[in-house]
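1. sequence? don't have it. structure:
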DNA sequence: GAGTGGTCTAGACCACGTT
DNA sequence: ACGTGGTCTAGACCACTCA
């Protein structure tokens, strides 16, 4: 009696033939002390994952779920939104909600992927190896959208974790956005903080490329590695509100301490 | 008149002294045809990002925002939830909502991080170097949540892009989920497709770790590289609906052809 | 035209933290 | 005691899809 029987049909696809399929959701008993929308999310999520529904199958409508769970539409919608964010279902106005097709190799179709670096957080600032104001090379001028007559700051920093060197960064920053930048400021703060607090400049987003590489003698020496140790080589462009690049950075990061984790959902 | 003046104070921190700060939200004119909650999200988000509020400052309460934007609490809450998901604000029951300190490096103040691998897509299947049914090592048994008496399939595959070898994969799969798996099936299809189409088994999500490494002789030979070339070393666990690991995979991927791109938003 | 999901409102009760 | 955010409800209108 607390179970819901309904007809679920395979999504009307290219062929347009609907394979009717009778589906049963198991009974639901709410627990006290835990939010209803959360209970609905986990209960429905588990039933969808464990059930034998065809991928692409249509799931019960919001109204039917309200009746089955005995909750209001707002609560059901919160649960469905959560499942949609997690890539369990897709929702289509006017049609219904559908079980997602499972992800295919490597590229997870339209679903949620998280990416994070695992390892100790970098200390602010770092040891400055070099700091200069100069004219940009043609390559750097292009990346920073500068005329070659405009000056840039170029600096080398060793980033530390509790005195241990873990990364070596070479940065290029237009002088325009931080006219009196000094090495001392960079010794003690993240560039992002210096620009915000001293120069009222804020970065909006960044793109970073990651490749494997070998530590050459210069990098190995400063990161206290033996030469030819595998490292991450990073290239980052950090953007300002106007769309121009505010910092171009090349970095070498120890691969024995840091690793990237990708969550494919 | 359509502006809201209020007192925002620095979050009562360790010291406990609250630095009063008068803050003004600019006027707001709703546009037709675009959802209100979205307008509130972007308007408030921009003002918080561009405003001169101290990080950790308390932002107007839900009620005040309702009055300022002339919308209901549900609409304001949708906007605030979105900003919280994006890491712009933090919410604390009984206290209020607070501007987040900007992400220290690595994560730009904002939210959305997308990642993708750049390079040609892998062909389905690949050249099978070895395929065997055997008892798992203790390490593999643990990863796959198996008793050591349960059998697994272990296979080595070279993944190709138009006949060019680009990755070498070593996979471990419980026999339980695909009792009669054959090397031939893997030669022509993605594992994920074989499991779905032949065995009605579906993966739900995966975690992958990425590290830099050197190609040893075995890897270099099969990827047609000189030994000690830098490569990506990948370790992936792909999960089934019951939460157990359905495939454990170690792989070496050419670093000269592929690179990862991370978008920090 | 009936049903779907998307949006929005107004009101209510609660646990919590601060005063 | 008061204000905060967290939860939940009931009802409404809309654009859209499909039969």
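-> That came through, no problem. The structure displayed is predicted, hence computed values, not measured ones.

2. Identify the residues contacting residue A:177.
-> Contacts for residue A:177 (CB atoms under 8 Å, 6 or more residues apart in numbering or on different chains) come out as A:195, A:199, A:201, A:240, A:246. C-beta coordinates here come from the backbone N, C-alpha and C atoms, glycine included.

3. And the strands in chain A?
-> Per DSSP state E, chain A carries strands over the ranges A:4-9, A:20-25, A:89-92, A:96-99, A:113-118, A:127-134, A:152-161, A:164-174, A:203-214, A:230-240, A:245-254, A:259-264.

4. what would those strands look like in JSON lines with mean neighbour count and distance to DNA strand D?
-> Formatted as JSON lines, the strands of chain A follow (neighbours: other CB atoms under 10 Å in any protein chain shown; distance: least, CB to the nearest atom of the strand, whole Å):
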{"stretch": "strand A:4-9", "mean neighbour count": "15", "distance to DNA strand D": "9"}
{"stretch": "strand A:20-25", "mean neighbour count": "14", "distance to DNA strand D": "12"}
{"stretch": "strand A:89-92", "mean neighbour count": "16", "distance to DNA strand D": "7"}
{"stretch": "strand A:96-99", "mean neighbour count": "20", "distance to DNA strand D": "8"}
{"stretch": "strand A:113-118", "mean neighbour count": "16", "distance to DNA strand D": "21"}
{"stretch": "strand A:127-134", "mean neighbour count": "13", "distance to DNA strand D": "41"}
{"stretch": "strand A:152-161", "mean neighbour count": "19", "distance to DNA strand D": "33"}
{"stretch": "strand A:164-174", "mean neighbour count": "21", "distance to DNA strand D": "36"}
{"stretch": "strand A:203-214", "mean neighbour count": "20", "distance to DNA strand D": "25"}
{"stretch": "strand A:230-240", "mean neighbour count": "21", "distance to DNA strand D": "30"}
{"stretch": "strand A:245-254", "mean neighbour count": "22", "distance to DNA strand D": "32"}
{"stretch": "strand A:259-264", "mean neighbour count": "18", "distance to DNA strand D": "23"}
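
5. on that earlier part again, redo the contacts of residue A:177 as a markdown table? Include pLDDT.
-> Output for the contacts of residue A:177, formatted as a markdown table (pLDDT from 0 to 100):
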| residue | pLDDT |
| --- | --- |
| A:195 | 90 |
| A:199 | 90 |
| A:201 | 86 |
| A:240 | 87 |
| A:246 | 95 |
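
6. would you list the strands of chain A in a markdown table and tack on distance to chain B?
-> Output for these, formatted as a markdown table (distance: least, CB to the nearest CB, whole Å):
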| stretch | distance to chain B |
| --- | --- |
| strand A:4-9 | 17 |
| strand A:20-25 | 15 |
| strand A:89-92 | 13 |
| strand A:96-99 | 10 |
| strand A:113-118 | 4 |
| strand A:127-134 | 16 |
| strand A:152-161 | 9 |
| strand A:164-174 | 10 |
| strand A:203-214 | 4 |
| strand A:230-240 | 4 |
| strand A:245-254 | 9 |
| strand A:259-264 | 4 |
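
7. Tabulate those strands in JSON lines, adding columns for distance to DNA strand C.
-> Formatted as JSON lines, these follow (distance: least, CB to the nearest atom of the strand, whole Å):
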{"stretch": "strand A:4-9", "distance to DNA strand C": "9"}
{"stretch": "strand A:20-25", "distance to DNA strand C": "14"}
{"stretch": "strand A:89-92", "distance to DNA strand C": "4"}
{"stretch": "strand A:96-99", "distance to DNA strand C": "4"}
{"stretch": "strand A:113-118", "distance to DNA strand C": "21"}
{"stretch": "strand A:127-134", "distance to DNA strand C": "39"}
{"stretch": "strand A:152-161", "distance to DNA strand C": "32"}
{"stretch": "strand A:164-174", "distance to DNA strand C": "36"}
{"stretch": "strand A:203-214", "distance to DNA strand C": "24"}
{"stretch": "strand A:230-240", "distance to DNA strand C": "28"}
{"stretch": "strand A:245-254", "distance to DNA strand C": "33"}
{"stretch": "strand A:259-264", "distance to DNA strand C": "23"}
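
8. Quick one: closest of those to residue A:68.
-> The closest of those to residue A:68 is strand A:4-9. By CB to CB, the value is 4.1 Å.

9. At the contact with DNA strand D, which residues of the stretch 51-200 of chain A appear?
-> Applying CB under 7 Å from any atom of the strand, one finds that the stretch 51-200 of chain A approaches DNA strand D through A:70-75, A:78, A:92-95.

10. export the strands of chain A to a markdown table and tack on distance to residue B:159?
-> Output for the strands of chain A, formatted as a markdown table (distance: least, CB to CB, whole Å):
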| stretch | distance to residue B:159 |
| --- | --- |
| strand A:4-9 | 37 |
| strand A:20-25 | 36 |
| strand A:89-92 | 29 |
| strand A:96-99 | 29 |
| strand A:113-118 | 20 |
| strand A:127-134 | 40 |
| strand A:152-161 | 35 |
| strand A:164-174 | 31 |
| strand A:203-214 | 17 |
| strand A:230-240 | 21 |
| strand A:245-254 | 27 |
| strand A:259-264 | 17 |
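
11. quick one: which of those strands has the weakest pLDDT on average?
-> Note on the strands of chain A: lowest mean pLDDT is at strand A:4-9, with a mean of 36.

12. picking up where we left off before, would you point out the most distant pair within the contacts of residue A:177?
-> A:199 and A:240 (11.1 Å).

13. Okay, angle between the longest helix along chain A and strand B:230-240 too, please.
-> In chain A, assigned by DSSP state H, the helix with the most residues is helix A:36-50. For helix A:36-50 against strand B:230-240, the angle by axes from the mean of the first three to the mean of the last three CA atoms, to 10 degrees is 100 degrees.

14. What is helix A:36-50 packed up against?
-> With contacts taken as 3 or more CB pairs under 8 Å, 6 or more residues apart in numbering or on different chains; DSSP states H and E, helix A:36-50 sits against helix A:62-69, helix A:73-85.

15. The shortest one and DNA strand C, any residue contact?
-> This points to helix A:62-69. Yes: using CB under 7 Å from any atom of the strand, helix A:62-69 reaches DNA strand C at A:62-64.

16. which helices and strands does that helix pack with?
-> Judged by 3+ CB pairs under 8 Å, 6+ apart, the packing partners of helix A:62-69 are strand A:4-9, helix A:36-50, helix A:73-85.

17. The ones you listed: which one's closest to residue B:143?
-> Across the helices and strands packed on helix A:62-69, closest to residue B:143 is helix A:36-50 (CB to CB), at 21.1 Å.

18. Mean confidence (pLDDT) on that closest one, please.
-> 85.

19. for that helix, the distance to its chain's centre please.
-> Computed by CA atoms, centre = their mean, to the nearest Å, the chain-centroid distance of helix A:36-50 equals 25 Å.

20. List the buried residues in it.
-> Of the residues in helix A:36-50, A:36-37, A:39-41, A:43-45, A:47-49 count as buried by neighbour count, 16 or more other CB atoms under 10 Å in any protein chain shown.

21. Just the residues contacting that helix, thanks.
-> Contacts for helix A:36-50 (CB under 8 Å, 6+ apart): A:25-26, A:28, A:30-31, A:59, A:65, A:69, A:71, A:75-76, A:78-80, A:82-83, A:86, A:88-89, A:99, B:204, B:241-242.

22. near DNA strand D at all, that helix?
-> Yes: for helix A:36-50 and DNA strand D, the contact criterion (CB under 7 Å from any atom of the strand) is met by A:36-38.

23. Contact residues of the stretch 1-150 of chain A facing DNA strand C?
-> Close to DNA strand C, as judged by CB under 7 Å from any atom of the strand, the stretch 1-150 of chain A has residues A:59, A:61-64, A:73-74, A:77, A:80, A:91-97.

24. right, and the helices and strands packed on helix A:36-50 - which one's nearest residue B:260?
-> Per CB to CB, nearest to residue B:260 of these: helix A:73-85, 23.3 Å.
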